[in-house]
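Participant: Return a 3D structure for these sequence lines:
(4 chains)
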Protein chains: 2
Amino acid sequence: MAQNKKDEFNKKENELANFANAISHPARVAILKQIADRESCICGEIVEVLPLAQSTVSQHLKELLKADLIKGTVEGTSSCYCINYKTFEKFEKTFTEFFTKANSNNPKCC
Amino acid sequence: MAQNKKDEFNKKENELANFANAISHPARVAILKQIADRESCICGEIVEVLPLAQSTVSQHLKELLKADLIKGTVEGTSSCYCINYKTFEKFEKTFTEFFTKANSNNPKCC
DNA sequence: TTATTTTATCGTATATTTGCGATATAATAT
DNA sequence: ATATTATATCGCAAATATACGATAAAATAA
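Facilitator: Purely as a prediction, here's the structure:
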């Protein structure tokens, strides 16, 4: 983009967008699901299951970490990842409070 | 990307990712909020409030329409947009069923 | 020590997104 | 009929995201 205008929006708008952005690729959804289903996952297990190269999976994991959707710990030569449910709870709340205001009312148009 | 691998993932993963993708920019969060707060919005009202050019806002609206997050109707020379709450409800459900499986359990690591 | 294993990072190619001005389109007003 | 108004679309430039192979780093095994 010519210039990035993201900082012209407020904090809440950006937080919600960043959270959504972390989930906005099917690979990351699949990774989250793997970790959730197994309750924890070492990186290699995810790489085995996904149709992506190891370096690509590592990149996606990094983004999920950055968005605080997962936590990671090193275990010997491998790394273990878990879902950070606190973040999910936080955004489920934000999400609801953000968009349900007029929900029960009848629409004025459309 | 070298090649797009999105179709290597399943339908649910892609649906959730597409939904999240629609909300993954603060401008689109702000647009949704405007529409939700006013219960309906003509395009011009949104353009007035956002720090973006009319053509850019129009593009964001198009993406929100494509993802079925809003509905639009033409009213004379202007267009009116409303939140499509059915879509939000649908994904709130998907979202929960997708990620709360191990929520109540204690984490194995991290 | 050296080899192996596992994961992260770097560099790079390509695709997509974002943003804008200019222009098209379509309804209304003069 | 012409001008005005509101929105959508086009074309382009710049920024980001996605993907991979190659390589680095760090722990363990031989």
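Participant: How about residues contacting the helix or strand residue A:34 falls within?
Facilitator: In the assignment (DSSP states H and E), residue A:34 maps to helix A:26-38. Contacts to helix A:26-38, defined as C-beta atoms under 8 Å, 6 or more residues apart in numbering or on different chains, come from residues A:22-23, A:41, A:45-46, A:49-50, A:52, A:56-57, A:60-61, A:63-64, A:69-70, A:81-83, B:5-6, B:9-10, B:13-14, B:16-17, B:20, B:98-99, B:101-102. Bear in mind the C-beta positions are built from the backbone N, C-alpha and C, glycine included.
Participant: Packing partners of the next helix or strand after it?
Facilitator: Remark: after helix A:26-38, the chain's next helix or strand is strand A:41-42, criterion DSSP H and E. Judged by 3 or more C-beta pairs under 8 Å, 6 or more residues apart in numbering or on different chains; DSSP states H and E, strand A:41-42 is in contact with strand A:78-83.
Participant: The helix holding residue A:34 vs DNA strand C: in contact?
Facilitator: No: on the criterion C-beta under 7 Å from any atom of the strand, helix A:26-38 is out of touch with DNA strand C, staying 11.1 Å away.
Participant: Could you pull up the mean pLDDT of that helix?
Facilitator: The pLDDT scores in helix A:26-38 average 95.
Participant: Against which helices or strands is the worst-scoring helix or strand of chain A on mean pLDDT packed?
Facilitator: Counting by mean pLDDT, DSSP states H and E, chain A has its least confident helix or strand at helix A:85-99, which shows a mean of 84. In terms of contacts (3+ C-beta pairs under 8 Å, 6+ apart), helix A:85-99 is packed against helix A:11-22, helix B:26-38, helix B:85-99.
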